[in-house]
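>>> here's a sequence, model it:
(one chain, ligands or ions: 1)
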Amino acid sequence: MSQTFFITTAIDYTNGAPHIGHAYEKVLADAIARHKRLHGSNVFFLTGVDQHGQKVQQSAQKLGVEPSRFVEDITSRFLSLWEKLDISYDAWAATTEDIHKRCVQGILQRLWDEGKIYKAVQSGHYSVRQEQFLTEKERGPDGNFGEEWGEVVEIQEENYFFKLAEHRDWLLALIDKRSQSGNSMVLPEFRTAELRNAVERISGDLCISRPKSRLTWGIELPFDTEFVTYVWFDALSNYVSFAGYDATPGADLSTFKSRWPALHVIGKDILAPPHGIYWTIMLHALGFADEDIPSFLVHGWWNIAGAKMSKSLGNSVDPSALADHYGSAALRYYLLTDINTGRDADFSTDRLEQRYNAELANSLGNLLNRSLSMAKRYRESRLRRMDSPLAAVAAEKIAAYDSAMASYQVQAAVEHVMEFVTRCNAYVEETAPWKLAKDPTQADKLDEVLYTLAESLRIISILMSPILAKESQAIRAQLQWNGDATLDNTIWGLLPDGHELGCPVPLFPRIESPAT
Ligand code: MSP
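Here you go, the predicted structure:
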């Protein structure tokens, strides 16, 4: 079986509506997945929703509905958003599904049977909001637990613990080994130090259960039905449960192995400890080899005017409303180009409008429109296949684009494409086809210009397809070129001699802001 590129995003909490951070992560992973498909790779793109946990149980209780009903409503909002934003996922991970429950219970049972989980008494301060016990480190300078922890209560209870701490040195060594071999576990590389520091601070084991007296909305421990598993153990396992994994010794893992290991696309807040520590150690404890420990592409956060988006500040941005207002292309383009992967950025609808108008409406949209209009006017839309001075420029931009995409620098990749678009527009000004058309001795030059523009647009449409799949397809439809959008097809000169172009149809209408 051929190897698949396996990409996941974090599964989103169903305790509230989707916001712009969720949309960004999905669009980023989608662009990466589509770029791999351009190369002809098999892709398995998994995303979904994180439906269990105390917060969900509490929110449902407040509304007087069953948790299952509560998460169903929010899940449907995520699903319709992903459809609106054209997210090309291959599998959907909803943690209330049976296939997931069975897999999580299999994992727990195996770790229990192998003595990697034990029962002990835990006592101390517990944050209801964060669903975790607090240590002295979490106290502020005034000796109190800060507001971020919400209500803090003192409790004592029996729980189950996963042996985490004994793997600390293994994990440190693996992080270093991977960095030194150029196959860093964490991308961008600068976030590795953050994970490494957190691993060095591991001091104890991980509590993985909650008694049913406190939490019923979760997956039952297979070896003690008085408990459900703690939310991270449940959530993280989605990456394998929906990919064909089965922890039962002797199970057939051939499908799973053809996919694994994954690239996990996650936000910076859930690298350490959840993914970089809990998940890697869970996999190690389950017997995954070092080369099967996944990689993490860690993106930054979208802020609002420099501040964190939050429900309590009431400043979170609804991506669904934005997509309705500006169109999904404008939103995708903005989210992929106004942030440098790994860094934070400020969300602004002014910037969204400016970039869309300057880059898609004026630059690319105008190039398409003027090229097809001139071909129609001067040559009844028929091309002669000609050599072009821009063929070498195209080759250089394709290579730069491809290497930026391969290292997940989507912003830089699109910049290379837009530089090529700018070059094409400058070429129109330099060659002035409207003058060439008036001079019969310049007929060959005019044919060269028209062929160059059509061929460039064909290539640009392929390069832009991971970013704007539908609009790229619409460009190829206007060019009347039916070839596949693959990287191999970005080679210069595939429009044949005598090819007939279609009529221009405006593709990126300008966004007109209401006058202020
Ligand atoms: N359910 C967990 C993840 C479980 S993964 C096994 C979770 N959910 S979340 O809904 O809170 O966040 C989902 C993703 O969105 C995370 O990767 C998080 O980093 C990302 N973002 C949340 N707010 C964000 C921004 N403001 N900006 C960019 N991404 C952010 O964590």
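>>> shouldn't Leu390 be in contact with Ser456?
Yes. Taking contacts as CB atoms under 8 Å, Leu390 lies within contact range of Ser456: 6.0 Å. Every C-beta, even on glycine, is put in place using the N, C-alpha and C of the backbone.
>>> overlap in contacts, these two.
In terms of CB atoms under 8 Å, 6 or more residues apart in numbering, Leu390 and Ser456 are both contacted by the residues Cys424.
>>> and the two? Which one has more around it.
Counted by other CB atoms under 10 Å, Leu390 and Ser456 do not tie: Ser456 has more neighbours, with 24 against 20.
>>> ok, for the more buried one, nearest residue in space, not its chain neighbours?
The shortest distance from Ser456 to any non-neighbouring residue, by CB to CB, 6 or more residues apart in numbering, is to Cys424 (5.0 Å).
>>> list the contacts of Glu448.
386-388.
>>> whoops, Lys84 was the one
For Lys84, the contacting residues are 320, 323-324, 328, by CB under 8 Å, 6+ apart.
>>> now do it against the ligand, distance only.
Noted for Lys84: a distance of 17 Å to the ligand, by CB to the nearest ligand atom, to the nearest Å.
>>> how about the residues of the stretch 101-250 of the chain near the ligand?
235-236, 238 (CB under 6 Å from any ligand atom).
>>> wait, Gly493 sits on Glu455?
Yes. Counting by CB under 8 Å, Gly493 does reach Glu455; the two are 6.7 Å apart.
>>> hmm, back to that, which of the contacts of Lys84 are buried?
320, 323, 328 (16 or more other CB atoms under 10 Å).
>>> rewinding a little: for the contacts of Lys84, which one is nearest the ligand?
Ser320 (15.2 Å; CB to the nearest ligand atom).
>>> ok, and the closest non-adjacent residue to the closest one?
Setting aside the residues directly before and after it, Ser320 is nearest to Leu81 in space (CB to CB, 6+ apart), at 5.1 Å.
>>> tell me which residue in the stretch 101-250 of the chain sits closest to the ligand.
Ala235 (3.9 Å).
>>> burial of that residue, as a residue count?
Neighbour count of Ala235, defined by other CB under 10 Å: 27.
>>> that one against Ile11, yeah?
Yes. Ala235 is within contact range of Ile11, at 6.1 Å (criterion: CB under 8 Å).
>>> what about Gly182, which helix or strand?
Per DSSP states H and E: Gly182 is located in neither a helix nor a strand.
>>> which ones are touching it?
If you count contacts by CB under 8 Å, 6+ apart, Gly182 has none.
>>> begin at 655 from now on, thanks
Got it, first residue is 655 now, which makes that one Gly836.
>>> any idea how far the closest residue to Pro927 other than its chain neighbours is from Gly778?
Nearest non-adjacent residue to Pro927, counting by CB to CB, 6+ apart: Ala852, 5.8 Å away. For Ala852, the distance to Gly778 equals 21 Å [CB to CB, to the nearest Å].
>>> for Arg913, same thing?
Arg913 is 40 Å from Gly778, where distance means CB to CB.
>>> neighbour count: those two, which is higher?
The neighbour comparison of Arg913 against Gly778 (other CB under 10 Å) goes to Arg913, with 21 against 13.
>>> next, the more buried one: phi, psi?
Backbone geometry at Arg913, expressed as degrees, to the nearest 10, gives phi -100, psi -40.
>>> does Phe950 count as helix, strand or coil?
Three-state call for Phe950 (DSSP: H, G, I helix; E, B strand; the rest coil): strand.
>>> pretty sure it contacts Met839?
Yes. Between Phe950 and Met839 there is a contact at 6.6 Å, judged by CB under 8 Å.
>>> which residues do those two both contact?
Residues touching both Phe950 and Met839 by CB under 8 Å, 6+ apart: Gly930.
>>> buried stuff in stretch 769-776?
770-771.
>>> what mean pLDDT does that stretch get?
Per-region confidence: stretch 769-776 scores 96 on mean pLDDT.
>>> for stretch 962-978, same thing?
The pLDDT scores in stretch 962-978 average 87.
>>> rewinding a little: neighbour-wise, which of Gly1147 and Glu1109 wins?
Per other CB under 10 Å, whichever of Gly1147 and Glu1109 has more neighbours is Glu1109, with 24 against 14.
>>> the more buried one contacts Trp1146, correct?
Yes. Between Glu1109 and Trp1146 a contact is recorded at 6.4 Å, counting by CB under 8 Å.
>>> from Gln711, how far off is Glu724?
Rather than Glu, residue 724 is Phe. From Phe724 over to Gln711 the distance is 9 Å, taken as CB to CB.
>>> about what we covered before: need the contacts of Lys738 in CSV (columns: secondary structure).
CSV is the format used below for the contacts of Lys738 (three-state DSSP):
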residue, secondary structure
Ser974, helix
Ala977, helix
Asp978, helix
Ser982, helix
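>>> most widely separated two among the residues you listed?
Distances among the contacts of Lys738 were taken as CB to CB; the most separated pair is Ser974 and Ser982, at 9.9 Å.
>>> now name the helix or strand holding the residue nearest to Asn994 when sequence neighbours are not counted.
Spatially, and ignoring its direct neighbours in sequence, Asn994 is nearest to Gln1065 (5.5 Å; CB to CB, 6+ apart). In the assignment (DSSP H and E), Gln1065 maps to helix 1064-1085.
>>> do the same with Val1159
Short version, using DSSP H and E: Val1159 is in no helix or strand.
>>> let me see the ranges of the helices in the stretch 755-904 of the chain.
Using DSSP state H, counting those that start in this stretch, the helices of the stretch 755-904 of the chain run over residues 822-834, 846-854, 885-890, 892-895.
>>> which of the ones you listed has the lowest mean pLDDT?
helix 885-890 (a mean of 94).
>>> list the contacts of that one.
For helix 885-890, the surrounding residues in contact (CB under 8 Å, 6+ apart) are 665, 704, 706-708, 749, 758, 761-762, 785, 816, 862, 872-873, 928-929, 932-933, 936.
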